[in-house]
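K.L.:
here's my sequence, what's the structure:
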Amino acid sequence: MLAQLEVTSLLLLLALTACERSKSTSHAPPFATAAATSVSAATASAVAPAAPPSGAAPALGSSATTVKTGLVHCKAIGKRGLVSIGVIREELIDLVTEGDGVFAFGYQRELARLTLRRFPRDGAPPTVIGRHTGAGEPKSPVLTADAAYFTRNKTLYRLPRSGGEPVELAKGFSGSIAVQGQYVYGFACDPKHPPDHLQRVGTEGGPVESIASIERVRSQEEDTSSAADDYRSLAADAQAIYATNWNGRRVLRISLTDRSVTELATKKAFPTRLQSDGDQLLFQTATGLFRVSKTQADAKRISELGSSPFSFIAHSGPVTFIHQCVPYGTEEWTYELTRASGQAKKLEYYKAVKPDETPPDVGIRGLAVDDECLYTARQLEKYMVLYARSRG
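P.N.:
Okay, the predicted model is just below:
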């Protein structure tokens, strides 16, 4: 009953502010909606990772389209603009789509508590999958078919989706992680003792194994404790682990057969947000979105829509959605990019929630996509709203 009242109140607030186009002091800031672009369900296929070994739980990345279940349809289908499907009252760590649900990793800082919730895409009340309380901000969550994995204070945890307490798997995991087969992969980076190491541990725990050593290329000035999370984004398939090396300005391939390390891209401005795309990889830098082969150094820029600390990206088949943050700007756009042509179309326009603050903030905190809708988490004055936007 309380959840229904909250949603009803929110819809009333949005109705009252929909016509407002100037500075607003209400909970729902003004925004204008661009016309939706049709995306055929036949072309909105998944960005599918290589099949894991038998019995393994595939990772479900937040930026990849997931398989349509046909059970519950998105609430925004057939409607124009943004439609609220839920309220998030915590700091958002990540959004992940799976089937007919949107999973939100939320962090309540004052309680040091991570909560994983599933929001049905039809707007039904969310359910709590699990929680974890501990020291350190949660980082790099990965959702698989049977568990969620994340790190806190360089410690790796597994949160079962079937219920039960989170389990500590290993210590010394820095930065991002990836799940492939029966293993979780991550990096160990001691700022005072190079080289860096790719390591892995079983998804159910066990000994930590070093897979490969990676030469450190960042300068001594950059080589501080804050550089321990230098590998900002990981992707994996049955052949290799792929990683963006932030300060090294490169994208790496670490073979799982001979454990060799190959530079797939170099001299790229702060690469991040790596995504597997068949036999290629997609990654974003400060200067745009790039595509590169998984086996050779042939990186090519396909869009000038680059990354920034508060921009977001989500992939769906041949289409990429990018929320472009403009540092210190009061207006931002979400774009739909057809990667084959490099053409980007403006989808959604946002104005700053509090334009008088420095820097101004439009409040976008997360982006995810599935076969029916694009999902956006937006921080308002007192809570965060999870919106859906029809792709049809």
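
K.L.:
Lys79 reaches Ser390, doesn't it?
P.N.:
Yes: look at Lys79 against Ser390 with C-beta atoms under 8 Å: they come within range, at 6.1 Å. C-beta coordinates here come from the backbone N, C-alpha and C atoms, glycine included.

K.L.:
tell me which of those two has more neighbours.
P.N.:
Shown here are Lys79 and Ser390; by other C-beta atoms under 10 Å, Ser390 has more neighbours (21 against 14).

K.L.:
for the more buried one, give its distance to Ala76.
P.N.:
4 Å (C-beta to C-beta, to the nearest Å).

K.L.:
over to Ser307?
P.N.:
27 Å.

K.L.:
cool, and Tyr157?
P.N.:
From Tyr157 across to Ala76, the span is 34 Å (C-beta to C-beta).

K.L.:
how about Pro141?
P.N.:
Between Pro141 and Ala76 the distance is 25 Å, computed by C-beta to C-beta.

K.L.:
all helices of the stretch 51-200 of the chain, in order?
P.N.:
Secondary structure of the stretch 51-200 of the chain (DSSP state H, counting those that start in this stretch): no helices located.

K.L.:
shaky segments in it?
P.N.:
51-70 (pLDDT under 70).

K.L.:
again, 50 this time
P.N.:
The model of the stretch 51-200 of the chain has pLDDT under 50 over residues 51-57, 61-69.

K.L.:
same question for the stretch 251-392 of the chain.
P.N.:
Looking at the stretch 251-392 of the chain by pLDDT under 50, you get an empty list.

K.L.:
all the strands of it, in order from the start?
P.N.:
For the stretch 251-392 of the chain, strands defined by DSSP state E, counting those that start in this stretch occupy the ranges 261-265, 272-277, 280-285, 288-293, 300-303, 312-316, 319-324, 331-338, 343-351, 364-369, 373-379, 384-390.

K.L.:
kindly report the same for the stretch 51-200 of the chain.
P.N.:
Secondary structure of the stretch 51-200 of the chain, counting by DSSP E, counting those that start in this stretch: strands at 59-60, 83-88, 91-98, 101-108, 113-120, 127-133, 139-144, 147-152, 155-160, 167-171, 174-180, 183-188, 196-202.

K.L.:
want to throw those strands into TSV with distance to Pro360 and mean neighbour count?
P.N.:
Formatted as TSV, these follow (distance: least, C-beta to C-beta, whole Å; neighbours: other C-beta atoms under 10 Å):
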stretch	distance to Pro360	mean neighbour count
strand 59-60	34	22
strand 83-88	22	22
strand 91-98	19	22
strand 101-108	24	22
strand 113-120	28	21
strand 127-133	33	16
strand 139-144	27	22
strand 147-152	31	24
strand 155-160	35	20
strand 167-171	40	16
strand 174-180	29	24
strand 183-188	35	24
strand 196-202	37	22
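
K.L.:
for those, which one sits closest to Gln239?
P.N.:
In terms of C-beta to C-beta, the element of the strands of the stretch 51-200 of the chain nearest to Gln239 is strand 174-180, at 9.7 Å.

K.L.:
just the terminal-to-terminal distance for stretch 261-275.
P.N.:
19 Å (C-alpha to C-alpha, to the nearest Å).

K.L.:
return the set of buried residues in it.
P.N.:
Within stretch 261-275, the residues that count as buried by 16 or more other C-beta atoms under 10 Å are Val261, Leu264, Ala265, Lys268, Phe270, Pro271, Thr272, Arg273, Leu274, Gln275.

K.L.:
closest one of those to Ser341?
P.N.:
Proximity of those to Ser341, judged by C-beta to C-beta, is greatest for Gln275, which lies at 18.6 Å.

K.L.:
okay, now the nearest residue to that closest one once chain neighbours are set aside: neighbour count?
P.N.:
Spatial nearest neighbour of Gln275, chain neighbours left out: Leu282 (4.5 Å); criterion: C-beta to C-beta, 6 or more residues apart in numbering. By the criterion of other C-beta under 10 Å, Leu282 has 21 neighbours.

K.L.:
do the same with the one 3 residues further on
P.N.:
Taking other C-beta under 10 Å as the criterion, the count of residues near Thr285 is 21.

K.L.:
the one 5 residues further on now?
P.N.:
One way to gauge burial is a neighbour count; for Phe290, by other C-beta under 10 Å, it gives 20.

K.L.:
enumerate every residue touching it.
P.N.:
Neighbouring residues of Phe290 by C-beta atoms under 8 Å, 6 or more residues apart in numbering: Ala265, Lys268, Pro271, Leu282, Phe283, Gln284, Ala299, Lys300, Arg301, Ile302.

K.L.:
how much space is there between the fourth one and Gly175?
P.N.:
Which is Leu282. Counting by C-beta to C-beta, the gap from Leu282 to Gly175 is 19 Å.

K.L.:
follow-up on the earlier one: reformat the strands of the stretch 251-392 of the chain as JSON lines; add distance to Gln182.
P.N.:
Formatted as JSON lines, the strands of the stretch 251-392 of the chain follow (distance: least, C-beta to C-beta, whole Å):
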{"stretch": "strand 261-265", "distance to Gln182": "23"}
{"stretch": "strand 272-277", "distance to Gln182": "19"}
{"stretch": "strand 280-285", "distance to Gln182": "23"}
{"stretch": "strand 288-293", "distance to Gln182": "27"}
{"stretch": "strand 300-303", "distance to Gln182": "34"}
{"stretch": "strand 312-316", "distance to Gln182": "26"}
{"stretch": "strand 319-324", "distance to Gln182": "31"}
{"stretch": "strand 331-338", "distance to Gln182": "35"}
{"stretch": "strand 343-351", "distance to Gln182": "39"}
{"stretch": "strand 364-369", "distance to Gln182": "27"}
{"stretch": "strand 373-379", "distance to Gln182": "31"}
{"stretch": "strand 384-390", "distance to Gln182": "33"}
